[in-house]
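K.L.:
Need the 3D shape of this:
(one chain, ligands or ions: 2)
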Amino acid sequence: MSKQQILFVDDEPLVLQGLQRTLRPQRGEWNMVFVESGAQALEHMAVQPFDVIVSDMLMPMMNGAQLLKEVVRRYPATVRMVLSGHADKELVSQCVGVAHQFISKPCDPEYLKALVKNACQLAGGLMDVEVKQVLGTIDRLPSAPEVYLDLRDALARPEVDTRRLGAIIQRDPGMTAKTLKLVNSAFFGMRKSVSDPQEAVAYLGIDIVRTLVLSNGIFEVSSPIPTRVFQVAEVWRHSLAVARVAKTIAQLEGLSPACQREAYAGGILHDIGVLVLASSFPDLYDQVAETVQVQTEPLMTAEEWVFGVSHAEVGAYLLGLWGLPASLLEIVRLHHQPLAILGEAFSPALAVHVADVICGGEAEDSVLFGAADFDPELLRRPWIRERLTDWRTASAAALQQGNL
Ligand SMILES: [Fe+2]
Ligand SMILES: [Fe+2]
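P.N.:
Ligands and ions are numbered 1, 2, ... in the order given. Predicted structure coming up:
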């Protein structure tokens, strides 16, 4: 495999030297270029493609946000990371849209290596370049209008608390993903990974959420997505149903509260790749929906025909780019591969898979999710077969109550 190209930009020569020293052992795998300004960075990028760029934020002439904005425009597939010592609100607003991940200075060299390595893995994957370029530029995903209105409404009330905000945000896949992206970026100084949107909101606090939503518009209320064969609202409805059912099943199987919350988060995010593909390529996604409807092909197969990738891979790619915890990425990537997630014990990933099949089977009028059956191989396991009726009964009750 060819070496990956990584560009580091910092106006402080000492910082660059430090990085160069720390990362020397990586020379076998990475070709690293170190430059002192945005202008030099763009000159290098014009000559050769880079897989990953890691830039400082405060620099004279062209700051990191300006540089990365230019990089998005010219080289959308490059993974963009900010390495910055300045964590203020102003800066958040400048770079939430242009950087995939934030790393705060001073940074543990091993941690930096791990992050860049992850980014390289994503950049080196086999996904179609056009899809990758689109994914590289995605900064937010369309949110369900009713959830967005509820959030604005809640933020306008002086007595609102983070529990209420978290409960609203976790009803929407795009808002959940974006909130987890923010909290998991080292930018906010959080050193453990967070996969629970409620916890993420509690950590950010009301003031930051208010600024991000009302002033910076980090969530996007969806303008109608021009699909003909299906409505994007199907995806929002389905995601919420799967999240609720996954949590219910996780609870029924005696998983810990943290695992129940992970099942919920995995459920709300599991089909985020559908949202990504449908909102970025509405015409092509209509072809997918048509293939599912007319030829009764599984959704994943139809997507592979049209895009060369499935929504599971696309979703996991985007969430990886956004620095979400590996456990959530796995749930998203494998939610249609039950045999790959089948372990000794029941897991949040299995809860999401089961919930997906149950909710699909019950949504007969849905174009995309209406046909779902359990893999016969899965049903050969007695401990799964025996639990099915209980799962279905509990799921139906949870959906009826709108139980969170
Ligand atoms: Fe799916
Ligand atoms: Fe699904």
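
K.L.:
The residue lying closest to Tyr285 once chain neighbours are set aside: which element?
P.N.:
Once flanking residues are discounted, Tyr285 sits nearest to Ala278: 4.2 Å by CB to CB, 6 or more residues apart in numbering. From N, CA and C alone the C-beta is placed, and that goes for glycine too. With elements taken from DSSP states H and E, the one containing Ala278 is helix 272-280.

K.L.:
So which helix or strand of the protein has the lowest pLDDT on average?
P.N.:
Of the helices and strands making up the chain, the lowest-confidence element is helix 89-95, at a mean of 60, by mean pLDDT, DSSP states H and E.

K.L.:
Averaged pLDDT, whatever helix or strand comes next after that one. What do you get?
P.N.:
Counting by DSSP H and E, the element after helix 89-95 in chain order, helix or strand, is strand 101-104. Predicted confidence along strand 101-104 averages 79 (mean pLDDT).

K.L.:
now for the next helix or strand after strand 101-104, which elements pack on it?
P.N.:
Along the chain past strand 101-104, the next helix or strand (assigned with DSSP H and E) turns out to be helix 109-124. Judged by 3 or more CB pairs under 8 Å, 6 or more residues apart in numbering; DSSP states H and E, the packing partners of helix 109-124 are strand 4-9, helix 13-23, strand 52-55, strand 79-84, strand 101-104, helix 311-321.

K.L.:
Select, out of the ones you listed, the one closest to ligand 2.
P.N.:
Closest approach to ligand 2 among the helices and strands packed on helix 109-124 is made by helix 311-321 (8.5 Å; CB to the ion).

K.L.:
Report the distance from the helix or strand following the closest one to the chain centre.
P.N.:
Past helix 311-321, heading to the C-terminal end, the next element that is a helix or strand (DSSP H and E) is helix 326-333. For helix 326-333, the distance between its averaged C-alpha position and the chain's averaged C-alpha position is 9 Å (CA atoms, centre = their mean, to the nearest Å).

K.L.:
Helix 326-333 vs helix 272-280, what angle?
P.N.:
For helix 326-333 against helix 272-280, the angle by axes from the mean of the first three to the mean of the last three CA atoms, to 10 degrees is 70 degrees.

K.L.:
picking that back up, okay, the helices and strands packed on helix 109-124 in CSV with distance to ligand 2 and mean neighbour count next?
P.N.:
What follows is those, written out as CSV (distance: least, CB to the ion, whole Å; neighbours: other CB atoms under 10 Å):
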stretch, distance to ligand 2, mean neighbour count
strand 4-9, 33, 23
helix 13-23, 40, 14
strand 52-55, 31, 27
strand 79-84, 27, 26
strand 101-104, 27, 21
helix 311-321, 8, 24
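
K.L.:
Reformat the ones you listed as CSV; add distance to His44.
P.N.:
What follows is the helices and strands packed on helix 109-124, written out as CSV (distance: least, CB to CB, whole Å):
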stretch, distance to His44
strand 4-9, 6
helix 13-23, 14
strand 52-55, 10
strand 79-84, 15
strand 101-104, 21
helix 311-321, 22
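
K.L.:
Flag whichever of these has the least confidence on average.
P.N.:
strand 101-104 (a mean of 79).

K.L.:
Please identify the pairing partners of it and their relative orientation?
P.N.:
Sheet pairing of strand 101-104 (DSSP bridges) gives strand 79-84 (parallel).

K.L.:
show me where the stretch 301-404 of the chain has helices.
P.N.:
311-321, 326-333, 338-341, 348-362, 376-379, 382-385, 388-401 (DSSP state H, counting those that start in this stretch).

K.L.:
so how far is ligand 2 from the closest residue in space to Asn63 that isn't next to it in sequence?
P.N.:
Leaving out its chain neighbours, the residue that sits closest to Asn63 by CB to CB, 6+ apart is Met57, at 6.3 Å. Using CB to the ion, to the nearest Å, one gets 38 Å for the distance from Met57 to ligand 2.

K.L.:
that's a strand at Met57, yeah?
P.N.:
No: inclusion of Met57 in a strand is not indicated when DSSP: H, G, I helix; E, B strand; the rest coil is applied; the result is coil.

K.L.:
and it, how many neighbours?
P.N.:
For Met57, the count of nearby residues is 23 (other CB atoms under 10 Å).

K.L.:
and the helix holding Ala278, anywhere near ligand 2?
P.N.:
No: residues of helix 272-280 are not located near ligand 2 by CB under 5 Å from the ion, the shortest gap being 7.6 Å.

K.L.:
what residues does the stretch 301-404 of the chain put near ligand 2?
P.N.:
Looking at ligand 2, the residues of the stretch 301-404 of the chain close enough under CB under 5 Å from the ion are Asp356.

K.L.:
ok and the residue in the stretch 301-404 of the chain nearest ligand 2?
P.N.:
Closest to ligand 2 within the stretch 301-404 of the chain is Asp356: 4.2 Å, counting by CB to the ion.

K.L.:
Setting aside sequence neighbours, what's the nearest residue to that residue?
P.N.:
Leaving aside its sequence neighbours, Asp356 sits nearest to Val242 (CB to CB, 6+ apart; 5.3 Å).

K.L.:
quick one: the one you found and ligand 2, what's the gap?
P.N.:
From Val242 to ligand 2 the distance is 6 Å (CB to the ion).

K.L.:
And the pLDDT for the closest residue to Met45 other than its chain neighbours?
P.N.:
Of all residues beyond its chain neighbours, the one nearest Met45 is Tyr75 (6.0 Å), with distances taken as CB to CB, 6+ apart. We note a pLDDT of 92 for Tyr75 in this prediction.
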